[in-house]
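Asker: structure of the sequence below:
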Amino acid sequence: MYKPLSLLSTLSLLVLVGCADPSSERSSGVVAGSNLQADELNFEPSADMLAPVVEAPATEKSNVRVAGEAYLEMEWDELIPAGFSFDPIIEEIDLESYNIAELDDFDPEAQRLYRDLQALLAQVPSEPALQGVKGRLPGFAVPLDFDGDKVYSFLLVPYFGACIHTPPPPANQMVYVEIEGGFVLPSLYDPVIIAGAFDVTRYEDDLGTAGYSMRADSVTLY
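Answerer: Residues are numbered from 1 along each chain as shown. Sure thing, here's the model as predicted:
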């Protein structure tokens with residue numbers, strides 16, 4: 001069975017494309033008043049390297065207390081249902097129908113491959129047993145609703161660069177997070193830790209489909 005990051009590395013080798021329409025404000029990285037977008041969303045992996053992959057910082061498996069509340073320290077593998085395999089996803093991709101060696105970010109064929117990958121990755125199941133589980137999970141934030149460096153909602157992903165110039169992670173490897181009052185994110189390079197109750201409710205965005213949602217009790221820098 002593919003480990004999540006192994007799958008993501010494989011998909012990153014297939015195509016390096018933006019997570020939205022290249023002409024959109026979000027994909028261009030030009031967002032007025034935002035320090036987060038200035039250079040980070042314009043990062044371009046070269047054709048001979050993987051998109052940057054940084055595993056979420058490891059956390060010790062234990063119950064911890066934050067502001068008097070108990071949370072379970074979690075790892076990304078726990079968001080994948082037991083017995084689920086990513087192998088069929090790879091097998092469903094008809095690579096012979098794409099001229100991968102000739103693709104670049106703005107090639108219509110690259111966009112077609114991206115859409116096909118995104119549709120497959122959006123279909124993977126979530127783990128229903130996580131409904132209501134109060135946990136802490138580290139990862140990287142992809143801001144959705146923000147003002148400058150103050151972020152109010154975001155996608156939590158397991159590696160840096162997800163949904164910027166690579167295919168999005170599978171749905172069961174993304175969490176849509178809202179945080180009341182927002183939090184300050186100095187840089188997209190900075191990992192964060194979310195804490196709160198998991199809701200097994202899907203959230204769809206042009207950047208990808210998250211298999212989980214959370215109204216976080218806290219979001220802190222790692």
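Asker: using the three-state scheme, assign residue 195.
Answerer: The local conformation at residue 195, judged by DSSP: H, G, I helix; E, B strand; the rest coil, is strand.
Asker: I figured it hits residue 218, correct?
Answerer: Yes - under the criterion of C-beta atoms under 8 Å, residue 195 makes contact with residue 218 at 4.7 Å. For glycine as for every other residue, the C-beta is placed from the backbone atoms N, C-alpha and C.
Asker: neighbour count winner among the two?
Answerer: residue 195 (21 against 16; other C-beta atoms under 10 Å).
Asker: for the longest strand anywhere in the chain, name the packing helices and strands.
Answerer: Taking DSSP state E as the criterion, the chain has its longest strand at strand 134-147. For strand 134-147, the elements it packs on are strand 69-73, strand 150-157, strand 175-184, strand 192-197, judged by 3 or more C-beta pairs under 8 Å, 6 or more residues apart in numbering; DSSP states H and E.
Asker: for the protein, what spans make up the helices?
Answerer: With DSSP state H as the criterion, the chain has helices at 4-14, 25-28, 87-92, 108-121.
Asker: pull out the buried residues from the third one.
Answerer: Spelled out, that is helix 87-92. Within helix 87-92, the residues that count as buried by 16 or more other C-beta atoms under 10 Å are residue 89.
Asker: alpha carbons of it, as CSV, please.
Answerer: C-alpha atoms of helix 87-92 as CSV (Å, rounded to 0.1, in the frame of the first residue of the first chain):
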residue,chain,number,x,y,z
ASP,A,87,-2.9,1.7,-5.4
PRO,A,88,-6.1,1.9,-7.5
ILE,A,89,-5.7,5.6,-7.8
ILE,A,90,-2.4,5.2,-9.6
GLU,A,91,-3.9,2.4,-11.8
GLU,A,92,-6.8,4.6,-12.9
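Asker: packing partners of it?
Answerer: Using 3+ C-beta pairs under 8 Å, 6+ apart, helix 87-92 sits against helix 4-14, helix 108-121.
Asker: which of those comes out lowest on mean pLDDT?
Answerer: Per-stretch mean pLDDT for those is lowest at helix 4-14 (a mean of 50).
Asker: doesn't residue 120 make contact with residue 92?
Answerer: Yes - if you go by C-beta under 8 Å, residue 92 and residue 120 touch, sitting 5.9 Å apart.
Asker: sorry, back to before: what about the longest strand of the chain, average pLDDT?
Answerer: 96.
Asker: mind listing what it pairs with, with the direction of each?
Answerer: Strands adjacent to strand 134-147 in the sheet, as given by DSSP bridges, are strand 69-73 (parallel), strand 150-157 (antiparallel), strand 192-197 (antiparallel).
Asker: give the buried residues for it.
Answerer: In strand 134-147, counting by 16+ other C-beta under 10 Å, buried: 134-144, 146.
Asker: can you check stretch 126-134 too?
Answerer: Buried positions in stretch 126-134, judged by neighbour count with 16+ other C-beta under 10 Å: 126-127, 130, 133-134.
Asker: now for it, what's the gap between its first and last residues?
Answerer: This stretch, stretch 126-134, spans 16 Å end to end (C-alpha to C-alpha, to the nearest Å).
Asker: what residues does that stretch touch?
Answerer: Contacts to stretch 126-134, defined as C-beta atoms under 8 Å, 6 or more residues apart in numbering, come from residues 69-72, 78-82, 171-172, 195-200, 202, 211-212.
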